[in-house]
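> generate a structure from the sequence data that follows.
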Amino acid sequence: MANIMERLTADNKIAYTARIRVKGFPQQTATFARKTDARLWAQKTEASIRVGKYFSQAESKRHTFSDLAARYIKTALGNKSPKVRIQYQQQLKKWCEMIGDRSLAEINPAVISECREKLSEEKTHLGKIRSSASINRYMAVLSSIFSVAVREWQWVEENPVKKIKKLKESEGRNRFLSEDEIDRLIKACRGSGNKNLLLAVVLSLSTGARQMEIWGLKWREVDLNEGTATLIETKNSQIRVVPIQSYALELMREKSKFMRIETNL
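Numbers count the residues shown, from 1 in each chain. Modelled structure (predicted):
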């Protein structure tokens, strides 16, 4: 319910203070020079409170994007792998350079699209232009942080990134190593000073697992009797089981004789 009170200011001018009380929510007040403005504010604000929008609107004006990024890094990155955490931190640093000082209320699809154009035009520290796939990854990180702000913290009403269409990515090409290339690769691994390289490469060839999945694998996630490995630290965070066969399984069994179950491969 809204009430509007007329009062005299210190400089002897008439002002109108609108006061809104809605059960279950803190009281809201605002003062205006015109009664019409006070009434309009009261109507709009009370309606927003009743549909659950007002306080998220207030939060979006109170917090900057840098505030959002800092809280996300502190509280929401803990369940991600070290590699993903580094990627998020690097990309969020870039977003903070572009929109860090803006309030969340100011960040709309137009602002984000402008930033995306800058990302596509500037060169990286390697002197290269970012690919569409790389820019889409930047957008994915931004979308992730806004989704948390909407769903868990109620700092904004909606995710502005969802209104922006992804860039079209060039199709990658599938290429498989020939038997001769595999033989030469394994030979090079045997001659390497890294005693774990051969097993990692053979496992990758055998299972199709990514590099980060192989290096993150622990012995307790391997079943040598069944010939399987359970991949926990995957790119999309979905656990999957892959078969270990032939030479890869032979190498695993040999190495298992000297390793403790809680260690990495």
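> from what I can see W153 touches R71, true?
Yes - at 7.4 Å, W153 and R71 qualify as touching, with contact defined as CB atoms under 8 Å. The C-beta positions use only the backbone N, C-alpha and C, and glycine is treated the same way.
> any common contacting residues for the two?
The contact sets of W153 and R71 do not overlap (CB atoms under 8 Å, 6 or more residues apart in numbering).
> so this structure: which segments form each domain?
2-52, 65-163, 179-256 (automatic domain parsing).
> select, out of those domains, the one closest to S170.
domain 65-163 (6.9 Å; CB to CB).
> low-scoring stretches of the protein, by residue?
By pLDDT under 70, the weakly predicted segments of the chain are 1, 23-26, 48-58, 171-175, 233, 235-237, 259-265.
> tell me where it has strands.
2-8, 14-20, 28-32, 222-223, 228-231, 240-243 (DSSP state E).
> out of these, which is the most enclosed?
Counting by mean count of other CB atoms under 10 Å, strand 228-231 has the highest mean neighbour count of the strands of the chain, with a mean of 20.
> what helices and strands are in contact with that strand?
For strand 228-231, the packing partners by 3 or more CB pairs under 8 Å, 6 or more residues apart in numbering; DSSP states H and E come out as strand 222-223, strand 240-243.
> compile those strands into a markdown table and extend it with columns for distance to R137.
Formatted as a markdown table, the helices and strands packed on strand 228-231 follow (distance: least, CB to CB, whole Å):
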| stretch | distance to R137 |
| --- | --- |
| strand 222-223 | 31 |
| strand 240-243 | 22 |
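> tell me which of those approaches V141 most closely.
It's strand 240-243; of those, that one is closest to V141 (CB to CB) at 23.5 Å.
> quick one: strands adjacent to the closest one?
Strand 240-243 sits in its sheet next to strand 228-231 (antiparallel), going by DSSP bridges.
> centre of the chain to the partner strand, how far?
26 Å (CA atoms, centre = their mean, to the nearest Å).
> contact partners of that strand?
Here strand 228-231 has contacts from 203, 207, 209, 213, 217, 221-223, 239-244, using CB under 8 Å, 6+ apart.
> ok, now which ones touch the closest residue to R102 other than its chain neighbours?
Distances taken as CB to CB, 6 or more residues apart in numbering put F65 closest to R102, at 5.7 Å, once the chain neighbours are dropped. Applying CB under 8 Å, 6+ apart to F65 gives the contacts 95-96, 99-104, 107.
> go again with 6 Å.
Shown in contact with F65 (CB atoms under 6 Å, 6 or more residues apart in numbering): 99-100, 102.
> can you tell me which of those residues are in helices?
Those of these mapping onto helices are I99, per DSSP state H.
> pull out the buried members of the contacts of F65.
Among the contacts of F65, those buried by neighbour count (16 or more other CB atoms under 10 Å) are 99-100.
> distance to L199 added to the contacts of F65, as CSV?
Output for the contacts of F65, formatted as CSV (distance: CB to CB, whole Å):
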residue, distance to L199
I99, 45
G100, 44
R102, 49
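> how close does the nearest residue to I232 once chain neighbours are set aside get to E213?
Spatial nearest neighbour of I232, excluding adjacent residues (CB to CB, 6+ apart): I239 at 5.8 Å. Distance of I239 to E213, computed by CB to CB, to the nearest Å: 11 Å.
> next: V201.
13 Å.
> with S192 instead?
From S192 to E213 the distance is 20 Å (CB to CB).
> settle it for me: which of those two has more neighbours?
E213 (21 against 12; other CB atoms under 10 Å).
> between which two of the contacts of strand 228-231 is the distance greatest?
Going by CB to CB, the pair spanning the contacts of strand 228-231 furthest: L203 and I239, at 17.1 Å.
> residue contacts, K255?
Taking CB under 6 Å, 6+ apart as the definition, K255 has no contacts.
> show me what contacts R190?
Going by CB under 6 Å, 6+ apart, the list of residues near R190 reads L198.
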